[in-house]
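Participant: next input, structure requested:
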Amino acid sequence: MAKKAYRIKIASGAAREAVEAIDYYGDIEVKLGTRLRAELKSALKAIKSNPVAFQIRYDSVRLYHLPVFPYSIHFEVFEDEKLVHILAILHQHREQPK
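Facilitator: Residues are numbered from 1 along each chain as shown. Prediction:
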């Protein structure tokens, strides 16, 4: 029996952060924005396929660090619902708003 795939729910703030990051890099160089978009898509695919493979970093929140860009995806896994909730997509070196 194949294991059931996880669903992904993206918080509106996380979606906004992703769009802003893609726009920022796209303004610098169109190919950079395209590359970041592809990297985010690949990251979400990896998270969706096996979310519990990623280490819990604080409380129940897991992190996925993008390999090229300085961003991390912060998410929670609800195994009983087969749901991954993307909480934030944050730049790793900028001070975040409170």
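Participant: which stretches in the chain count as helices?
Facilitator: Secondary structure of the chain, counting by DSSP state H: helices at 12-28, 30-49.
Participant: output these as TSV; include the columns distance to residue 86 and mean pLDDT.
Facilitator: C-betas here are computed from N, CA, C, even on glycine. Putting the helices of the chain into TSV (distance: least, C-beta to C-beta, whole Å; pLDDT from 0 to 100) gives the following:
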stretch	distance to residue 86	mean pLDDT
helix 12-28	5	97
helix 30-49	8	96
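Participant: so can I have JSON lines of the ones you listed showing distance to residue 55?
Facilitator: Shown next, in JSON lines, are the helices of the chain (distance: least, C-beta to C-beta, whole Å):
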{"stretch": "helix 12-28", "distance to residue 55": "19"}
{"stretch": "helix 30-49", "distance to residue 55": "13"}
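Participant: pretty sure residue 78 sits against residue 60.
Facilitator: No - using C-beta atoms under 8 Å as the test, residue 78 is too far from residue 60 to be in contact (9.2 Å).
Participant: nearest residue to the residue positioned nearest the centre of the chain in space, ignoring adjacent ones along the chain?
Facilitator: Nearest to the mean C-alpha position of the chain, counting by C-alpha atoms, centre = their mean, stands residue 73 at 3.3 Å. Distance criterion C-beta to C-beta, 6 or more residues apart in numbering; nearest residue to residue 73, sequence neighbours excluded, is residue 64 at 4.4 Å.
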